[in-house]
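Colleague: fold the following for me, if possible:
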Amino acid sequence: MTLDSLTALYLEGRLDQAQLEQLEALLDADPKARARFRQLCNLDTALNDWAPIQAAQSAWAKAGESVLPAQKRNRWIAWPAAAAIALGGLLTGFLSGSLVSARALSPKEARSVPLPLVNGNFDAAQPPSTDGPPKEFAQWGGDFSRVTGEDQGIRPPNGRRMLRFLRADNAQSPKTKSQAASELWQTIDLRPLREQLGNKPAHLELSALFNSTPVPKGRHFAFGVSAYAFQSDSGDGADLWSRHRDAALASGGKIELSDSDPATWQRITTQILVPPDATVLLVTARVGSADRLPPGSPAVEFPGQYMANVSLRLLP
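Modeller: Residues are numbered from 1 along each chain as shown. Sure, this is the predicted structure:
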């Protein structure tokens, strides 16, 4: 196979072991092949990242409210040394072929920088609060949920725990209001990260994994993530959420229908362009009923909807 064909398979996450070894051999032997590989990876990243700034700022308003078909985004192939070469030789030498079951990082992921989002895998001893949005930075709070291990045949994607959404209300919710979505919030103080973020708009990516037991006939559920940037000194998530439509400097969000396949986890990702004067980021993850509810219905209860591996990254 040609270098371009092998690179295309690599970027799509479809390299088998023999093709991986062929690609590594080509890159090891020929500097021109390494340059071509870098060019193709950079082009792929640019095409995936490109979008007008205005579209990024209004993504939640224009697209986030639309429920999109479920898409599989996990890549479960080897992480080849080719990626190290694509990163300008940051690693020397090839990784062991024994890593064939490890998840591959895309070029975009490999160049991104993780940012502090507390307890994104829900392994910490402190469970999320069920009193609504958190009052302080660096803690989860929201609607009724619980942290669990393997449950109803669904296993955490890694680690020992995951979050199960229970109901579309919390301990502070008014009992007379019908609610269809269960949400979890966290506020992040951007001020200690300002040097890392720089003095220009920062491109951040929020993602989470979601899973669901088979959905009962006639019911539909949707998962989503969103992020909002504010200029504020407070980490009070309830206050920020109450005025996010008017006060947010920037926002981004994505919603997708649950695929109801417990054997796979859906990765849902959104991006936000954070202005340099933003001091607080409010992130939220949710599951909601996509069915029309009769007026006066009680808060929706979720039979088996889960979340894991919430992460926040600074993109190049």
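
Colleague: please save the CA atoms from the helix or strand hosting Met307 in CSV.
Modeller: Using DSSP states H and E, Met307 maps to strand 301-314. Output in CSV follows, covering the C-alpha atoms of strand 301-314 (Å, rounded to 0.1, in the frame of the first residue of the first chain):
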residue,chain,number,x,y,z
GLU,A,301,-36.6,9.2,35.6
PHE,A,302,-33.8,7.6,33.6
PRO,A,303,-33.7,3.8,33.4
GLY,A,304,-30.0,3.3,32.5
GLN,A,305,-28.1,6.3,31.2
TYR,A,306,-24.4,6.7,32.1
MET,A,307,-21.4,9.1,31.7
ALA,A,308,-17.7,8.7,32.2
ASN,A,309,-14.3,10.3,31.2
VAL,A,310,-15.3,14.0,31.1
SER,A,311,-12.2,15.9,29.9
LEU,A,312,-11.3,19.5,29.0
ARG,A,313,-8.4,20.3,26.7
LEU,A,314,-6.6,23.3,25.3
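
Colleague: that strand pairs with which strands, parallel or anti?
Modeller: The strands beside strand 301-314 in its sheet (DSSP bridges) come out as strand 113-114 (antiparallel), strand 162-167 (antiparallel), strand 202-212 (antiparallel).

Colleague: reformat those strands as CSV; add distance to Leu190, mean neighbour count and mean pLDDT.
Modeller: The way it works is simple: take the backbone N, C-alpha and C, and place the C-beta from them, glycine included. Below are these laid out as CSV (distance: least, C-beta to C-beta, whole Å; neighbours: other C-beta atoms under 10 Å; pLDDT from 0 to 100):
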stretch, distance to Leu190, mean neighbour count, mean pLDDT
strand 113-114, 14, 11, 86
strand 162-167, 24, 23, 95
strand 202-212, 9, 24, 95
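
Colleague: can I get those in TSV with distance to Ala138?
Modeller: Output for the strands paired with strand 301-314, formatted as TSV (distance: least, C-beta to C-beta, whole Å):
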stretch	distance to Ala138
strand 113-114	15
strand 162-167	17
strand 202-212	15
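
Colleague: these two touch, right, Trp265 and Pro157?
Modeller: Yes - with contact defined as C-beta atoms under 8 Å, Trp265 reaches Pro157; the gap is 5.1 Å.

Colleague: which residues are common contacts for these two?
Modeller: Leu209, Ala308 (C-beta atoms under 8 Å, 6 or more residues apart in numbering).

Colleague: when the two are compared, which one has more neighbours?
Modeller: Trp265 (24 against 17; other C-beta atoms under 10 Å).

Colleague: what segments of the stretch 101-250 of the chain are helices?
Modeller: With DSSP state H, counting those that start in this stretch, the ranges of helices along the stretch 101-250 of the chain come out as 107-111, 194-197, 237-242, 244-247.

Colleague: would JSON lines of those with distance to Gln22 and mean pLDDT be doable?
Modeller: Converted to JSON lines, the helices of the stretch 101-250 of the chain look like this (distance: least, C-beta to C-beta, whole Å; pLDDT from 0 to 100):
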{"stretch": "helix 107-111", "distance to Gln22": "19", "mean pLDDT": "53"}
{"stretch": "helix 194-197", "distance to Gln22": "39", "mean pLDDT": "88"}
{"stretch": "helix 237-242", "distance to Gln22": "50", "mean pLDDT": "91"}
{"stretch": "helix 244-247", "distance to Gln22": "50", "mean pLDDT": "89"}
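
Colleague: nearest to Asp143, out of those?
Modeller: Proximity to Asp143 (C-beta to C-beta) singles out helix 237-242 among those, at 12.1 Å.

Colleague: so which elements touch the closest one?
Modeller: If contacts are counted by 3 or more C-beta pairs under 8 Å, 6 or more residues apart in numbering; DSSP states H and E, helix 237-242 sits against strand 181-189, strand 280-289.

Colleague: TSV please, covering those and showing distance to Ser145 and mean neighbour count.
Modeller: Conversion of the helices and strands packed on helix 237-242 to TSV gives the following (distance: least, C-beta to C-beta, whole Å; neighbours: other C-beta atoms under 10 Å):
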stretch	distance to Ser145	mean neighbour count
strand 181-189	6	24
strand 280-289	10	24
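
Colleague: mind putting these in a markdown table, mean pLDDT included?
Modeller: Conversion of these to a markdown table gives the following (pLDDT from 0 to 100):
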| stretch | mean pLDDT |
| --- | --- |
| strand 181-189 | 95 |
| strand 280-289 | 94 |
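
Colleague: tell me, how many residues neighbour Ala33?
Modeller: 19.

Colleague: that one in helix, strand or coil?
Modeller: Put simply, Ala33 is helix when judged by DSSP: H, G, I helix; E, B strand; the rest coil.
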